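> Here's a sequence, model it:
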Amino acid sequence: MQNRNNSSIYIISGPYGVGKSTVSNALAQEIEEAALIEGDLIKLMFRGKIQPPREEMRAIIWKNILSLTRNFLENNINVIIDYVVYSELEWLDKHLSDLNVKIHYVVLRADDETIIRRLNQRGDDYLIEGSLYLLDKLENFLPNKNYLYDTTNKQPGEIIHDLISRFDQFCL
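Numbers count the residues shown, from 1 in each chain. Coordinates of the predicted model:
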């Protein structure tokens, strides 16, 4: 296997309602040779009457994200990861350190009113409480400080254009 000198991983994190999926999908359309890994789709693979505990499930999901990411990178394909990152960033970086890739990390955020409005508009009002809790948790997690990006009052096209022009600012 030959390491790529110009591969990139774009990790788009944040709570529900900030635009993770919208931004990730738009970014996937803008980048040549890109694969979009949606953590929520991996989570939907769990079936059966009994599910693993939450932390165990997250660990399994991230192991699958790592495996898919590695596979795409080894085949010269840039990777966009759409999933909430808690403490997995350092773990992921460590497990990809043998590859010569840039990792860009962005934590999307919006004000409470915007999140509530967006979730109500799409019929996901049951996610509001968890999203606001997660927003607070992500914003106050010190390692995220330099990677926050506010999507309040911004349209998807504006967000994607701005992020693409500033992705070096969000490089690990």
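> what residues are up against the residue nearest to I115 when sequence neighbours are not counted?
Nearest non-adjacent residue to I115, counting by C-beta to C-beta, 6 or more residues apart in numbering: G17, 4.1 Å away. Every C-beta, even on glycine, is put in place using the N, C-alpha and C of the backbone. Shown in contact with G17 (C-beta atoms under 8 Å, 6 or more residues apart in numbering): A110, T114, I115, I116, R118, L119, D124, L127, I128, S131.
> Just put these in CSV and tack on pLDDT, secondary structure and distance to L148.
Below are the contacts of G17 laid out as CSV (pLDDT from 0 to 100; DSSP: H, G, I helix; E, B strand; the rest coil; distance: C-beta to C-beta, whole Å):
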residue, pLDDT, secondary structure, distance to L148
A110, 97, coil, 11
T114, 96, helix, 14
I115, 97, helix, 14
I116, 97, helix, 19
R118, 95, helix, 18
L119, 97, helix, 20
D124, 96, coil, 22
L127, 96, helix, 20
I128, 97, helix, 20
S131, 97, helix, 15
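> just how off-centre is the helix ranked longest in the chain within its chain?
In the chain, ranked by residue count with DSSP state H as the criterion, the top helix is helix 54-74. Remark: helix 54-74 is offset 13 Å from the chain centroid, using C-alpha atoms, centre = their mean, to the nearest Å.
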